[in-house]
Structures are given as structure tokens and as C-alpha cells.
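1. Sharing a sequence plus its predicted fold:
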Amino acid sequence: MAASDAAFEKGLPSNLEAERLVLGSILLDDTVFLEVAAGLTSDDFSIEKHRRIFGRMQDLYGRGDRIDRVTLANELMRQNQLESVDGLAYLVSLDDSLPKLPNIDSYVKIVKDKSSLRKLIFISEKIRDRAFIGQDTADEIAASAEESLLGLSESNVRDSLVRPGEIIESFEGGVNAFLDPTRRNKGVSTGLTKLDEMTGGLRGGELFILAARPAMGKTALALNIAQHVATNPQDPRTVAVFSLEMSKESLLTRLVCAQGRVDQQKFRAGYLNGDERRQLQMALGVLMDAPLFLDDGAGANVMDIHSKLRKLKQQHGLGLVVIDYLQLMTGRGRQENRNQEVSAISRGLKLLSKELDVPIIALSQLSRATESRQGDHRPQLSDLRESGSIEQDADMVAFVFREEYYKPDREDLRGQAELILAKQRNGPTGKVNLVFLREYTKFENPASVFDEPPPE
């Protein structure tokens, strides 16, 4: 037996007979190869010769060739591997005396289960070795372990393709409930009336990119949404805010001043009257009771955030995640350039939102192209900084824009703001007019919004 079969020699979980039956079934009828390949890879086989045989079957199928004893033997010979799998005699033995209607699903499940058990053992041994060596922190080892286990669980997911009838059967209430708009899950309200009308609220599994140039107020807007979600008396939801730029104290200062409608600069300078102090005390009381969690850990990556969110969801549930901001996050592993790293981060956040079934608002910087643009400085999707994959991964992309920043002498622009919804997978795009109260770092609905008809 080859040295690469050490796992088998150690007595790790395996079932050679099931593996032989899987390979033999393909030789008996190569139309079942796709069914097998949907559940197994070469690495799922416990010994090297079975891995090589299945690998050459994949090569034959990829070229559109038939898979039988002759073609397989020829392919193995071409790769100088026929002797290493015990020759043509072993290939003949695989489908010899095999039943005409082999129970292929059961064979595949047995091989997959044994493979998963071996992988669990390997992951456990790797974690143990890293813990003994002690070169990494406990948090880093735990995060890596969660990533490995998550990857293993994802690799075991099968049968994700379902027919419409199966979806209806699994929907509580059946056809009538599925077609009843009042029974559909509603998204999380942002507190911005027109944005909620256009989007139906923020929904689990969606990545919402909120982008702007510096000083436009993207952090303020994201905190306003987070605050509304956590303190909404009709439907308070747990919110997690990760800031890679500001401290927890600075975040709380912004939240308290916005909630109490107190001038943030006066609060920082200490010039407050009695009414303002009372307003801050009431605001702080509301926030202290709210399911709002703040994190200011620097250099966070997707797996760090994933680990924290899983624990938070188990303990308190989870309604919304805010990350400020995407370009300050670090990626795991080596990437050739920053664009690839940002691409991996945005993709990771999208997968995280799907796995946890929670909307994620990720803030993003824009390139300087908006500054050099003549006339209209409004951002465009092409202005997203460092990676086009941000636009690709996002379900929604919105830009915060305040024209008064470029025309400070125009009194008529004071306090006017726009949220430009530039991309939405499942709905319209357009502009949401807002009011920006600079002293409170707070965005609000304009009074006229309640008189406008909903967007078409």
C-alpha cells in the first residue's frame, strides 16, 4: 500500500467496499458519473489508487469520452498510473459481479460520511498541534477552526436544486400563503421612508454597500439606520456595529447626540445647559436598553467578524450588521494585490450575510474621480474604490451625496442630502432626498416625503 494511504493504515474511518462499488457502478454504466461527481471528489476516497481511478474518470468525462474498462485503462496508462492501481485486473474486479441496478446513492453516502469523519479528525489534529505550539493566539486558532468546520459543512451540502413544488411544500401555509403579500417576510426598516418603499426594507442574506467620499456622512447615516433598527419600539432587532476607524466611545457619542438631538460639538466641549443634559440622559437610557452591540477592533477580517456574529446570534438573535468600513478590513492568506484582497473580502461578506441570514451594511470609500469630475460630482458605480467585485457582490449599492460640500456658499443647499440608490437586484433604483442635521450628525426624512406617492 502506498505511503499516501497512511490514513487508511492508521485505521481512520473508511469503507473500501463502498468505494469499490461506487467506481464499479460507473464502469457498469457511465451515465451515473454525474450523479456520483455531484456528491464526491477524488479526495473523498480513502486510498490513493481509488483517488487516481476516480480522477482519470473525471478526465475522460471532461473530454466527452466514454468511461469503461478499456478507456479507463488507456487513460491510466497514458498518465503512467496503471501499475500503481494494480493494473487492468483490478479495474475488471471493480464491476465484476456488481448488481445490474446498483444502489448508487447509498454507496456515495457511505463514502462521503467516512470522508467527513476523516476530515474532522484531521482538523482536530491540526487544531491540537497549533495549540501545543502556541505561535498563534487562542482567538486566531478558534477562528481558523470555525472556518475549517464551516468549509466542511458547506462541502457536505447537497440537493440544493429543488422544483417549485418542493419550495411551496416547505412554505408554511402552502400556495395561498405564498401568494399572500401580507404573509411575506418583511425586510428590516431603515427609518428612511422612501428608501424602505423602494427596497421593502433590508433583507437577510443581502449585502448593502453604502459608499461616499470622506465627510459626506456615510458613517452617520449607517449609525442612524443601526440606531433606528435597535430602538424601533414596534420591532427592535439586535444590531452589531463593527468600526475599524472609530473607538467605541466615539461611536456612542455620535449615537447619544443623534438620539437626544444635542449638538455633538457642544457635548465634546462640555458646554451643555440643563435641558441638553436631560435629553442626553434620556437618550442614553434608550440606548442602554437597546440590543445594540459595538466593536472597535482594528484590522478585523471576515472570519473574526463571523465568529463574533455567530455567538451574538445564538445569544441575542441578529437583525442587522454594520461594518465601517470595507477598505480597512484585512484578508486571510496572501493575495497578489489589494484589489484581489478587497474582492475576497466583499465576497466573504456576501457569503456571511447568506449564511447568517442577516442584512449587512458595509461602508466603502470612493475613488477621487468624483472630485475631478466637472459639473456634477454625484458618484457612479465605477467610482467604487479598489475593486469592481464590490459592485458585483452587492445586492444594493447606494451613495451619500451632499452638494453643499462642493458649494459651501449656496445657502439654499444647506442641509440638503441625497441617497442615490445606484443598484438594486430586486427593485428600482433612484434618488432618496434626505435632510442632514450637521450638529447632530443625523439624517432625517424631509417633511415632504410623506406627501409623495411611492415609486413605481
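-> The structure has been received and is ready for your questions. Numbering: from 1, shown residues only.
2. where does Val70 land on pLDDT?
-> In this model, Val70 is scored at 90, pLDDT.
3. For it, what is the enclosing helix or strand?
-> Assessed by DSSP states H and E, Val70 sits inside helix 69-78.
4. I'd like the distance from Tyr90 to Met77, if you could.
-> Separation of Tyr90 from Met77 (Cβ to Cβ, to the nearest Å): 13 Å. To be clear about C-beta, it is placed using only N, CA and C from the backbone, and glycine gets the same treatment.
5. make that Leu207, sorry
-> 50 Å.
6. again, but for Thr31
-> Spatial separation of Thr31 from Met77 under the definition Cβ to Cβ is 24 Å.
7. Give me the more crowded residue out of the two.
-> Neighbours per residue (other Cβ atoms under 10 Å) separate Thr31 from Met77, with Met77 holding more: 14 against 8.
8. dump the residue contacts of that one.
-> Shown in contact with Met77 (Cβ atoms under 8 Å, 6 or more residues apart in numbering): no residues.
9. just Leu326 next, same as before
-> If you count contacts by Cβ under 8 Å, 6+ apart, then Leu326 has 209, 342, 345-346, 349, 362-365, 390 around it.
10. And for Arg410?
-> By Cβ under 8 Å, 6+ apart, the contact set of Arg410 is 403-404.
11. Quick check: pLDDT value at it.
-> 83.
12. what's the burial count for Met303?
-> 19.
13. tell me which residues in the helix or strand containing it are buried?
-> Element membership for Met303 (DSSP H and E) is helix 302-316. Using 16 or more other Cβ atoms under 10 Å as the test for burial, helix 302-316 gives 302-310, 312-313.
14. same deal with stretch 30-50?
-> Across stretch 30-50, burial judged by 16+ other Cβ under 10 Å covers 30, 32-33, 36-37, 39-40, 42, 44-50.
15. Could you look up the SS state of the closest residue to Ser14 other than its chain neighbours?
-> Nearest residue to Ser14, sequence neighbours excluded (Cβ to Cβ, 6 or more residues apart in numbering): Ser46, at 3.7 Å. Three-state call for Ser46 (DSSP: H, G, I helix; E, B strand; the rest coil): coil.
16. circling back to that earlier point, any chance you could give me the helix or strand that the helix holding Met303 is followed by in CSV, C-alpha atoms only?
-> Next along the chain after helix 302-316, taking DSSP H and E as the criterion, comes strand 320-324. What follows is strand 320-324, C-alpha atoms only, in CSV (Å, rounded to 0.1, in the frame of the first residue of the first chain):
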residue,chain,number,x,y,z
LEU,A,320,-28.5,43.9,11.2
VAL,A,321,-24.8,44.2,10.8
VAL,A,322,-22.9,47.4,10.0
ILE,A,323,-19.2,47.4,9.0
ASP,A,324,-17.3,50.7,8.8
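17. Any buried residues in stretch 51-66, and which?
-> By 16+ other Cβ under 10 Å, the buried positions in stretch 51-66 come out as 51-57, 60-61.
18. Please apply the same query to stretch 362-376.
-> By 16+ other Cβ under 10 Å, the buried positions in stretch 362-376 come out as 362-366, 370.
19. you'd agree Pro214 is in a strand?
-> No. Counting by three-state DSSP, Pro214 falls outside a strand, being coil.
20. show me where the stretch 301-450 of the chain has strands.
-> 320-324, 360-365, 396-401, 416-424, 430-437, 442-444 (DSSP state E, counting those that start in this stretch).
21. which regions of the stretch 301-450 of the chain sit below the pLDDT cut-off?
-> Applying pLDDT under 70 to the stretch 301-450 of the chain flags the ranges 330-338, 385-388, 448-450.
22. okay, now the domains of this structure?
-> Using automatic domain parsing, the domains assigned to the chain come out as 3-116, 186-451.
23. Throw the strands of the stretch 301-450 of the chain into JSON lines and include distance to Asn232, thanks.
-> Output for these, formatted as JSON lines (distance: least, Cβ to Cβ, whole Å):
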{"stretch": "strand 320-324", "distance to Asn232": "11"}
{"stretch": "strand 360-365", "distance to Asn232": "16"}
{"stretch": "strand 396-401", "distance to Asn232": "20"}
{"stretch": "strand 416-424", "distance to Asn232": "19"}
{"stretch": "strand 430-437", "distance to Asn232": "18"}
{"stretch": "strand 442-444", "distance to Asn232": "15"}
